[in-house]
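Participant: My questions concern the predicted model and sequence given below.
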There are 2 protein chains.
Amino acid sequence: MISLIGLDGDDTLWHSESHFVTTEESLAALLAPYANGHDLRARMIEAERRNLRLFGYGVKGFTLSMIETAIEVSDAAVPASVIQDIIEHGKALLDHPVELLDGVEEVVGELAHEHRLVIITKGDLFHQEAKVASSGLSELVAGVEIVAEKDHATYERVLDRYGVRPDEMLMVGNSVKSDILPVIELGGYAAHIPYHVTWELEKMEPPDLEHPRFWALGSIAELPDLVASLTATP
Amino acid sequence: MISLIGLDGDDTLWHSESHFVTTEESLAALLAPYANGHDLRARMIEAERRNLRLFGYGVKGFTLSMIETAIEVSDAAVPASVIQDIIEHGKALLDHPVELLDGVEEVVGELAHEHRLVIITKGDLFHQEAKVASSGLSELVAGVEIVAEKDHATYERVLDRYGVRPDEMLMVGNSVKSDILPVIELGGYAAHIPYHVTWELEKMEPPDLEHPRFWALGSIAELPDLVASLTATP
């Protein structure tokens, strides 16, 4: 019996990665005169991967990685005014209004009547709190867990905090790596709802579709039926 | 009766602000050829204050504010190589080993025998988790709360989570603004242990020393006696 439904934030409840993609396109335009033939996108991914150990997830680390990449691909010739433009793009990302995905408001509102929901999201604490607050969803959920990483230890901490066993939890999210696999591995249930773009560092194959505790949904509109089937008395 | 003791992290359990001060001195040296007579320290504080709304607390925002300040005081003449040096200083801050303050290990170890302790610390989630993990203190505390801001709402959430009333909590920290005043205002107890430097944006006068729920301690070594006096049966 499912007694806790975990909902990922970025790219599951609200748009996020698409804004990062737009920002990277602006970065490419800004750096076009300086890029010296380097593959900007590959260098950016490489910077993000290298810096993950120190920066973790979120816009501030992304902005610092953009600056590093600009310096790198320009062989340190990029002018300070362009660096300032990059910082402004980072600030615009932080200041971007929250846009819920289609159907989220209705589905979360509906599920909240009968189920305990918790938003489990990773990234900058300050920014994620601001996004949750302006999403209008906080009143509908039992809790908000902003975490530095979505791994076994994190999910075990959340399960413990809400007093549920792994097989009483359904996690819903767009990232196979962060939202699906660790929960399945712990013995929980997981529903994957893909977003139209996936950050390179989150890319991973979904589990076998035949796995008995895994579902691939087309959109969040399919979630209430899945939840109903999981919580129906036999 | 005190049933929860909150311990601030940065500058209460481990050194932090002193490393920021050292980094700002390095920034001053880096920018000496470009500073054009601007008051670097004043401009840096102004940048941090302006950016707080978007960046929140922590090293990554601090690093972005250093870069902005460098661009500003040099009238955008600072070379990209110096910006890269600033990023390296930010990374060194993130990678700096945790150094516990004198007496912390003994006092926390002693208090943990008979009291429920919780570390309440603000800043970058990822960095604070790394600091708590390498502090060696996590095994001694009942919980770690990494928060985006230390205000009434945050302390109320923590009290609720641990199931204690405000007058059952003692908060211990170096920041009057973040660790002392909000807790006193909620009806809790607070002990101030000053650190030898205070970040400009945290500076605030301590409460009247005659306040019945406030104590000013010289160092954490005085904490066990205070706790004993607060928890002694009359």
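Facilitator: Nice, I can see it.
Participant: quick one: the helix or strand containing A:Pro224 to chain centroid distance?
Facilitator: Counting by DSSP states H and E, the element that carries A:Pro224 is helix A:223-231. Centroid separation for helix A:223-231 versus its chain: 23 Å, with CA atoms, centre = their mean, to the nearest Å.
Participant: just stretch A:134-148 next, same as before
Facilitator: That offset, for stretch A:134-148, works out to 14 Å (CA atoms, centre = their mean).
Participant: Repeat that for stretch A:94-110.
Facilitator: The answer for stretch A:94-110 is 14 Å, by CA atoms, centre = their mean.
Participant: what about it, start to end distance?
Facilitator: Counting by CA to CA, to the nearest Å, you get 29 Å between the two ends of stretch A:94-110.
Participant: what's it in contact with?
Facilitator: The contact list for stretch A:94-110, computed with CB atoms under 8 Å, 6 or more residues apart in numbering or on different chains, reads A:7, A:11-15, A:19, A:59-60, A:117, A:127, A:131, A:134-137, A:140-141, A:219-221, A:223-224, B:54-55. Where C-beta positions appear, they are placed from N, C-alpha and C, glycine not excepted.
Participant: Can you point out the buried residues in it?
Facilitator: By neighbour count on 16 or more other CB atoms under 10 Å in any protein chain shown, the buried set for stretch A:94-110 is A:Leu94, A:His96, A:Val98, A:Leu100, A:Leu101, A:Val104, A:Val107, A:Val108.
Participant: And stretch A:190-207, by the same measure?
Facilitator: A:Ala190, A:Ala191, A:His192, A:Ile193, A:Pro194, A:Tyr195, A:Thr198, A:Trp199, A:Glu202, A:Pro207.
Participant: quick one: least confident of those residues?
Facilitator: Across the set of the buried residues of stretch A:190-207, A:Pro207 stands lowest in pLDDT, at 78.
Participant: Selecting buried members of the contacts of stretch A:94-110 in ChimeraX, what would you type?
Facilitator: To isolate in ChimeraX the members of those that are buried, counting by 16+ other CB under 10 Å, one can use:
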select /A:7,11,12,13,14,15,19,59,60,117,127,131,135,137,140,141,220,223,224 /B:54,55
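Participant: Out of the buried residues of stretch A:94-110, flag the one nearest to A:Ser229.
Facilitator: Checking the buried residues of stretch A:94-110 against A:Ser229 with CB to CB, the nearest one is A:Val107 at 15.1 Å.
Participant: so after the helix or strand where that closest one lies, what's the next helix or strand?
Facilitator: Assigned by DSSP H and E, A:Val107 belongs to helix A:104-114. Following helix A:104-114 in sequence order, the next helix or strand is strand A:117-122 (DSSP H and E).
Participant: Just give the strands next to that following strand in its sheet, each with its orientation.
Facilitator: strand A:4-7 (parallel), strand A:143-147 (parallel) (DSSP bridges).
Participant: Out of those strands, which one sits most buried?
Facilitator: Most buried of those, by mean neighbour count (mean count of other CB atoms under 10 Å in any protein chain shown): strand A:4-7, with a mean of 25.
Participant: Output that strand as PDB, nothing but the C-alphas.
Facilitator: Provided in PDB are the C-alpha atoms of strand A:4-7 (Å, rounded to 0.1, in the frame of the first residue of the first chain):
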ATOM      1  CA  LEU A   4       3.800   8.500   0.500                       C
ATOM      2  CA  ILE A   5       4.100   9.900  -3.000                       C
ATOM      3  CA  GLY A   6       7.400  11.700  -3.700                       C
ATOM      4  CA  LEU A   7       7.300  14.300  -6.500                       C
END
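Participant: hang on, the earlier thing: including secondary structure and distance to A:Ala32, could the buried residues of stretch A:190-207 go into TSV?
Facilitator: Below are those laid out as TSV (DSSP: H, G, I helix; E, B strand; the rest coil; distance: CB to CB, whole Å):
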residue	secondary structure	distance to A:Ala32
A:Ala190	strand	41
A:Ala191	strand	41
A:His192	strand	37
A:Ile193	coil	35
A:Pro194	coil	31
A:Tyr195	coil	28
A:Thr198	coil	26
A:Trp199	coil	23
A:Glu202	helix	27
A:Pro207	coil	41
